[in-house]
Each structure stands twice: as structure tokens, then as C-alpha cells.
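Peer 1: Just the structure for this:
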Amino acid sequence: MTDAKSIAFLGMGVMGAPMAGHLACAGHRVTIYNRTLSRAHDWMARHGEEGLAVSMAETPAEAASGKEVVITCVGNDHDLAEVVLGDAGVLSVMTAGSLFIDHTTVSPAIARSIAQDAAKHGILALDAPISGGQAGAENGKLSVMCGGSEEAMAAARPVIEAYGSRITHIGAAGCGQAAKAVNQICIAGTLAGLSEGVRFAQATGLDMDKVLQAISGGAAQSWQMENRWATMAAGEFDFGFAIDWMRKDLGIALGEAKENGVPLPVTALVDQFYAMVQAMGGNRQDTSALIRHLPEGSGK
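Peer 2: Presented below is the predicted three-dimensional model:
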């Protein structure tokens, strides 16, 4: 592995917790912070017993103080601003030459703002949203799309390699977040088509396993089909990436599209379908629960 570094990791959610675990297992000295302290305690209980160099802090600034690298994976723009910017934010305690990496999916605007603020303090900054879901985080196989300077990218890559299998430098600050918006737009359209395909197959009485076998090796194949067809057909959704977070991400994409004069009619429609599923109580269900807005049909 690369040289061990002192790292602060802020955000012990379904993505952040396993990512921080990979860093600790790679030999880095990891200090964690989470707004809900019980999650931090749970993480410490799992990894502290393994003899790893881990600790926890009670504030973001305490976690970040004196660290070579500070990483965030929180909820939204507001959450990120709260832990990064201002007098109590991590940038206020980080030293010149240190590195800040954000894995939260947020707006390109706040990513650019953080990069500008970091530069004033001589801090390298990278917006690096992720894709691959909870399984990707747990298996260390995330796709990471990065925005920032070449220097920030070079410093961050050896760290991100602990949990990322596909790491791409997209461009300047904010470009990583813009690329993540593209990712979510594509997922939304894919799941909409997959939902209709599953419902059609069910209504016409087809053998669902045989249909998957037949079409998953052709042009219709997708990650969503391979990993969600069976659970969508079975009506199982209590796992994965929550609809609440998907709607947040689609809101970012739709907002950016409006600013850039780009119509996204399919994305806007899928966002409305997700709102319907939320109204049915599906807020925390996986994004594949989009299928719930469609009736099952009479069947044959």
C-alpha cells in the first residue's frame, strides 16, 4: 500500500462507514465523526476490536485537526456546508498542503465554492461523488468521478484506491458533481424502462427467470437488470440506495439542467414517479421500488 496517512472521515452512513473501514484496513490512521454518535460508536466497536489505528471525535473540527486528509460523505449541500465551511468547519482547522475530499453528491456550485475557499488556505480540494451502491462500498469497488486540480487528483488517488476500483478525473472543481448528475439521469431512465419491462413480463405470464436469462446478455443488459430484476419481480425493496436520496440527486440534476437550458423530460417524469412512491411510504426503499408506481396488471 501507499504510505499510511492520518485521515479524518466524516459521515458513517451506509456508504461512508465501509469506506472508512477500507481505509483503516489499508493501514491508515483513521479518525471518524458522525452527527449521530451511536453510529460512530458502532463503527468503533467493529473496527477497534481488530487492532486498527482508529479513533472517533465529537465534532468535525476535532476530527480534522492536524490530519493530512479529510474526507466527507454526508447528506446534502446544507450538511456539507455545515461541516466544511465557516468558523467551525473543517477547512478552518486544516493546514496548508493538506487534502480535502468530498464524496457527497451535492451541487457543482457548492463544490466550486469549497474549492475556492480551500485554495485560500493552501488546501487541495477534490469533489469526488461515488457510484456503486452499498455493495460497491462494502466490496471496495466504487466508481469515483472527480473534479479538481491535477495536483489534488494526484494526492487523492492513492487514498481513494482503498475503496474505488474505477477512479476518473473528469475536470476542474465541480466537474465530478456534474458527472454524478449524468450518472443519476441515466439510472433514472434505465429503471423506468426496467420497471415497465418487469410489469409487462409479469402481466403476460412469462417465466421471469427465463426472460432475464434471455435478455440480460443482449442490448437490454444493464447493471440494474443484473442486480435488481429478481428483487423487483419479487417486490423486495428494503435495501440499497434510498428513494429520498435519489430524489435529492435528481433535484440537483434538474436544477443544473435548468440553469444550462437543457430539457430533461424523462428525468422530470421519473422524478414525479418517485414522488408517487414516496407518498406510498417508500422513502427509504431502494431506487428500484420505482416499479411500485405501476400496477401489476391482470396477468394470464
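Peer 1: Quick one: low-confidence residue ranges for the stretch 201-300 of the chain.
Peer 2: Applying pLDDT under 70 to the stretch 201-300 of the chain flags the ranges 298-300.
Peer 1: need the helices for it, in chain order.
Peer 2: Under the criterion DSSP state H, counting those that start in this stretch, the stretch 201-300 of the chain contains helices at 208-215, 223-234, 243-259, 265-279.
Peer 1: tell me what the first one is packed against?
Peer 2: What it means is helix 208-215. The contact analysis (3 or more C-beta pairs under 8 Å, 6 or more residues apart in numbering; DSSP states H and E) places helix 208-215 against helix 175-203, helix 223-234. Quick note: C-beta positions are derived from backbone N, CA and C, even for glycine.
Peer 1: Quickly compare those helices and say which is most buried.
Peer 2: Most buried of these, by mean neighbour count (mean count of other C-beta atoms under 10 Å): helix 175-203, with a mean of 20.
Peer 1: Report the distance from that helix to the chain centre.
Peer 2: Here helix 175-203 is found 16 Å from its chain centre; the criterion is C-alpha atoms, centre = their mean, to the nearest Å.
Peer 1: where's the residue nearest to A53 when sequence neighbours are not counted relative to A8, distance?
Peer 2: Leaving aside its sequence neighbours, A53 sits nearest to R29 (C-beta to C-beta, 6 or more residues apart in numbering; 4.3 Å). For R29, the distance to A8 equals 10 Å [C-beta to C-beta, to the nearest Å].
Peer 1: same deal with G282?
Peer 2: Plainly put, G282 is 34 Å away from A8 if you go by C-beta to C-beta.
Peer 1: More neighbours: the two, which one.
Peer 2: Per other C-beta atoms under 10 Å, whichever of G282 and A8 has more neighbours is A8, with 30 against 21.
Peer 1: So the more buried one lies in a helix, does it not?
Peer 2: No - A8 sits outside any helix when classified using DSSP: H, G, I helix; E, B strand; the rest coil, being strand.
Peer 1: so what's it scoring on pLDDT?
Peer 2: What the model reports for A8 is a pLDDT of 98.
Peer 1: For it, name its beta-bridge partners.
Peer 2: Bridge pairing for A8 (DSSP bridges) gives the partners T31, V70.
Peer 1: what sits against it?
Peer 2: A8 is in contact with 30-33, 57, 60, 63-64, 67, 69-71, 90, counting by C-beta atoms under 8 Å, 6 or more residues apart in numbering.
Peer 1: List just the nearest of the residues you listed to A192.
Peer 2: Using C-beta to C-beta, I71 is the member of the contacts of A8 that lies nearest A192, at 33.0 Å.
Peer 1: quick one: that closest one from K210, how far?
Peer 2: Distance from I71 to K210, by C-beta to C-beta: 45 Å.
Peer 1: Looking at the two, which has the bigger crowd around it?
Peer 2: Between I71 and K210, I71 has the larger neighbour count (other C-beta under 10 Å), namely 28 against 10.
Peer 1: just to revisit the earlier point, could you export the contacts of A8 as CSV, including pLDDT?
Peer 2: Output for the contacts of A8, formatted as CSV (pLDDT from 0 to 100):
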residue, pLDDT
V30, 98
T31, 98
I32, 98
Y33, 97
A57, 96
P60, 96
A63, 97
A64, 98
K67, 98
V69, 98
V70, 98
I71, 98
V90, 97
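Peer 1: quick one: which of those is nearest F200?
Peer 2: Set against F200, the nearest of the contacts of A8 by C-beta to C-beta is I71 (43.2 Å).
Peer 1: didn't the closest one look like it was pressed against F9?
Peer 2: Yes - look at I71 against F9 with C-beta atoms under 8 Å: they come within range, at 4.9 Å.
Peer 1: And stretch 162-176, end to end?
Peer 2: End-to-end distance of stretch 162-176: 19 Å, with C-alpha to C-alpha, to the nearest Å as the criterion.
Peer 1: So for it, what gets flagged as buried?
Peer 2: Across stretch 162-176, burial judged by 16 or more other C-beta atoms under 10 Å covers A162, Y163, G164, I167, H169, I170, A173, G174, C175, G176.
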